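> Sequence plus the predicted model coming up.
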Amino acid sequence: MDAAGYEALRLSLLVSGTATLLALPLALGCAWLLARRNFRGKDLLSAAIHLPLVLPPVVTGYLLLLSFGRTAPVGRFLEQTLGLVLAFRWTGAVLAAMVMGFPLMVRAMRLAIEAVDPRIEAAAATLGAPRYAVFATITLPLIAPGILAGTVMGFAKALGEFGATITFVAAIPGQTQTLPSATYSYLQVPGGEAQAAQLTLIACTIAVAAVVVSEWLSRRIAARIGAT
């Protein structure tokens, strides 16, 4: 693998890891809100969260460009106030990966929260435990496998994201070119099939390793919860 391939791998891991870490608390909060609260507009919020799953990724990337481009209101505000530029930068690739992986994270965590009997939480609350303590000591340990599963799914989706990313930040070598876009670029060059195959193998290895580690950790967590 050449230097461009190594750089694409480094950038992919950076983008995927950053996107997953940034999305995790927000995904957990949205999952809890959808699972435990009834409010006006709940279905609309759920639809908005899951919209990237059904929209073509290129459309999602175009909407990000319209919203967070340097001439767009939000993008201009972020640049002027925080000095943060998203379009055609690696930070924009993080945003695109977050948006595409977020629905998968929320769904896995929501299902885990809904599987917890609310009566268990209510019983703890009647003993005088504040709401945050109930969540931290009872709900959170019980949904840990779901959080882990959602985190891995979000990371894997971020690692493989292509359409929204290339539309929003392009595929600039060393700046925004991740594994999928680098693979695509190699396939457009005569004789680049070998490099594309190497990147494909690396991407598959990382994804499989993440799933295997997730399954192992989920079993360990579930066994520890069962033991207590």
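Ah, there it is. Residues are numbered from 1 along each chain as shown.
> and the gap between the residue at the greatest distance from the centre of the chain and residue 143?
Using CA atoms, centre = their mean, the residue of the chain lying farthest from its centre is residue 127. It sits 36.7 Å away. Distance of residue 127 to residue 143, given as CB to CB, to the nearest Å: 20 Å. Any C-beta I mention is one placed from the backbone N, CA and C, and that applies to glycine too.
> Check which helices and strands the helix or strand hosting residue 31 sits against.
Secondary structure assignment for residue 31, by DSSP states H and E: helix 3-36. Packing partners of helix 3-36 (3 or more CB pairs under 8 Å, 6 or more residues apart in numbering; DSSP states H and E): helix 42-54, helix 90-114, helix 140-160, helix 179-187, helix 193-227.
> one more time with 6 Å
helix 90-114, helix 140-160, helix 179-187 (3 or more CB pairs under 6 Å, 6 or more residues apart in numbering; DSSP states H and E).
> and among those helices, the most buried is which?
Ranked by mean neighbour count, the helices and strands packed on helix 3-36 are led by helix 90-114 with a mean of 24 (mean count of other CB atoms under 10 Å).
> Can you name every helix or strand that that one contacts?
Contacts defined by 3+ CB pairs under 6 Å, 6+ apart place helix 90-114 against helix 3-36, helix 42-54, helix 140-160, helix 163-169.
> how distant is the longest one from the center of its chain?
Spelled out, it's helix 3-36. When distances are taken as CA atoms, centre = their mean, to the nearest Å, helix 3-36 is centred 4 Å away from the chain's centroid.
> May I see the buried residues of that helix?
4-5, 7-9, 11-13, 15-16, 18-20, 23-24, 27-28, 30-35 (16 or more other CB atoms under 10 Å).
> angle of it against helix 193-227?
The directions of helix 3-36 and helix 193-227 differ by 30 degrees, with axes from the mean of the first three to the mean of the last three CA atoms, to 10 degrees as the criterion.
> go on, the second one?
Counting by the same axes, to 10 degrees, helix 42-54 points 140 degrees away from the direction of helix 193-227.
> Now do the helix or strand just after helix 42-54, average pLDDT.
Proceeding N to C from helix 42-54, the next assigned helix or strand is helix 57-68, under DSSP H and E. When pLDDT is averaged along helix 57-68, the result is 94.
> now do stretch 114-123
Averaging pLDDT along stretch 114-123 gives 86.
> buried ones in it?
So for stretch 114-123, counting by 16+ other CB under 10 Å, buried means 116, 121.
> that older thread, can you lay out the helices and strands packed on helix 90-114 as TSV showing mean pLDDT and distance to residue 99?
Compiled in TSV, the helices and strands packed on helix 90-114 are given as follows (pLDDT from 0 to 100; distance: least, CB to CB, whole Å):
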stretch	mean pLDDT	distance to residue 99
helix 3-36	93	9
helix 42-54	93	5
helix 140-160	90	10
helix 163-169	94	7
